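**Q** give me the fold of what follows.
(one chain, ligands or ions: 2)
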Amino acid sequence: MSILNTLWPRRTAEASSPIVARPGEASPAAPTEPPGPFRTLVESLPDPVLVIEGDPSEPAARRIIFANAAARVLFPIRVEGARLLTALRHPEVLEAVDEALLGAAGEAVMETGGAQERVWAAQTRPLGRGDSGGLALLTLRDETDVRRAERMRVDFLANASHELRTPLASLSGFIETLRGHARDDPDAREKFLGIMQAQAERMARLIDDLLSLSRIELNEHIAPAGRLDLALAATDVLDALVPLVREKSLQVEIAFPEKGAADVEGDRDQILQVIQNLIENAVKYSPAQAVLSIEVLPDRPDESIALPRDPRATRITLLAPDRPQNRRFAVIRVTDHGPGIPRDRLPRLTERFYRVEGQKSGGARAGTGLGLAIVKHIVNRHRGGMAVESAEGHGASFTVWLPVANTKDNLS
Ligand SMILES: Nc1ncnc2c1ncn2[C@@H]1O[C@H](COP(=O)(O)OP(=O)(O)OP(=O)(O)O)[C@@H](O)[C@H]1O
Ligand SMILES: [Mg+2]
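**A** Ligands and ions are numbered 1, 2, ... in the order given. You can find the predicted model right below:
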């Protein structure tokens, strides 16, 4: 037991661990040596570490003879020498502990439920023999974030492949038809070529969006350079979208402040992309001849932004700005009178590829569900905020706010 003696010299009265007494041993109250440096080190490791003593042929007799602070948070260990089974019942981890008690390394994955689900990678190693059986080291590593990221990567690949495969399947189908029975039918050929072109454009749009998203993510930690007037940017975007607006005979109401009143720090191309996505959505989901409004509001504190104005509407903050205190923001808000978004769908709008099911947005022109994900990443890079307000059947209103440029309070 020489390693253990080095790691855990006899307990002192001032040791604050909840592990208080080892059955069969003298009360720990008698002060002896101070905790050794190794004990202090293991005690303060961020990962749970336990030492278990016992014999696998007597499962009930396996005892925890050491648990560091992280282990005592994770497991209900009341006393030093507590039975292993009172703290840990996960069969695979218990099996790995037994392997180590018998002299072999083991590993297992353990999921803990509750409000905060976590996934732990458990590893066991033999530590030789103790006073009453084998000794096993059990360490646990929190792998929740790694596994979540892995799941997101797999989902993302599956979604992206699916989204590309759908128009591709349609293109292949039409090529076959054009080679077959539509070969000598000029009307059908013209019609099918039109559909094929729309599908090819959809694929190109999807690839552009994916590349754009990955570029934005790569640079998300780099603060944007540049400065632009939010109202002028909105005017530029609107000018470019006039054909779409005309196509649906929409009426656009604008409320912009005077030039220079809504100057923000930002990457011009990215901010144009934000505004374009919001206005395109409003146009896409508005019925013909509807009214659509675009407001730009100058210079205000975070707290006063995006208060729900329609009492029927639900408001969700999709992105809260980083360190909003003492900062002032300029705001752009795009409101439409389309179908709106059901309350329970609002939090999911910025997920990649997420589309609210059952909304009509025009066949091959239907979106990819990447627009608002792109908006969120850009706004995050700009340390801004984003909110949505909607009442189903009564339209939707998206608000983005960005730090205003060059005022004393906004220099960080
Ligand atoms: N103004 C809006 N009114 C109603 N629903 C909306 C509105 N804006 C977005 N949505 C819903 O949110 C979903 C996600 O929007 P997002 O902009 O990310 O994707 P998209 O418009 O479908 O595709 P993309 O923008 O990539 O072309 C949309 O599919 C739609 O269901
Ligand atoms: Mg969109």
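**Q** for the residue lying closest to residue 108 once chain neighbours are set aside, give me its contacts.
**A** Leaving aside its chain neighbours, residue 108 sits nearest to residue 92 (3.8 Å; criterion: CB to CB, 6 or more residues apart in numbering). Using the backbone N, CA and C atoms, a C-beta is placed for each residue, glycine as well. Listed by CB atoms under 8 Å, 6 or more residues apart in numbering, the contact set of residue 92 reads 108-110, 122.
**Q** swap the cut-off to 10 Å and go again
**A** Counting by CB atoms under 10 Å, 6 or more residues apart in numbering, residue 92 touches 106-110, 122.
**Q** of those, which is the nearest to ligand 1?
**A** Distance to ligand 1 across the contacts of residue 92 (CB to the nearest ligand atom) is lowest for residue 109, with 34.5 Å.
**Q** who are the packing partners of the helix or strand harbouring that closest one?
**A** In this structure, residue 109 sits in strand 106-112 according to DSSP states H and E. Strand 106-112 makes packing contacts with helix 91-101, strand 118-130, strand 133-142, helix 144-179 when contacts are defined by 3 or more CB pairs under 10 Å, 6 or more residues apart in numbering; DSSP states H and E.
**Q** what do you get if the cut-off is 6 Å, keeping everything else the same?
**A** helix 91-101, strand 118-130 (3 or more CB pairs under 6 Å, 6 or more residues apart in numbering; DSSP states H and E).
**Q** so in that sheet, which strands flank it, and in what orientation?
**A** Applying DSSP bridges to the sheet, strand 106-112 is found paired with strand 118-130 (antiparallel).
**Q** okay, the helices and strands packed on strand 106-112, which one's buried deepest?
**A** helix 91-101 (a mean of 20; mean count of other CB atoms under 10 Å).
**Q** which bits of the chain sit near ligand 2?
**A** 281, 367, 371 (CB under 5 Å from the ion).
**Q** which helix or which strand is home to the nearest residue to residue 175 once chain neighbours are set aside?
**A** Residue nearest to residue 175 in three dimensions, not counting chain neighbours: residue 196, with 7.7 Å by CB to CB, 6+ apart. Following DSSP H and E, one finds residue 196 within helix 186-218.
**Q** likewise for residue 387?
**A** Going by DSSP H and E, residue 387 is in strand 385-390.
**Q** briefly note if the following helix or strand past that strand comes near ligand 1.
**A** Tracing the chain past strand 385-390, the next element assigned as helix or strand by DSSP H and E is strand 396-403. Yes. Judged by CB under 6 Å from any ligand atom, strand 396-403 comes into contact with ligand 1 at residue 396.
**Q** ok, the residue in the stretch 1-150 of the chain that ligand 2 sits nearest to to residue 155 distance?
**A** The stretch 1-150 of the chain approaches ligand 2 most closely through residue 149 (25.3 Å), counting by CB to the ion. From residue 149 over to residue 155 the distance is 11 Å, taken as CB to CB, to the nearest Å.
**Q** more neighbours, the two?
**A** residue 155 (13 against 10; other CB atoms under 10 Å).
**Q** break this structure into its domains for me.
**A** 2-142, 144-218, 222-410 (automatic domain parsing).
**Q** mean neighbour count, those: which tops it?
**A** domain 222-410 (a mean of 18).
**Q** centre of the chain to it, how far?
**A** 20 Å (CA atoms, centre = their mean, to the nearest Å).
**Q** ditto for stretch 205-219
**A** 17 Å.
**Q** other residues contacting that stretch?
**A** If you take CB atoms under 6 Å, 6 or more residues apart in numbering as the criterion, stretch 205-219 is touched by 163, 368, 370, 374, 377-378.
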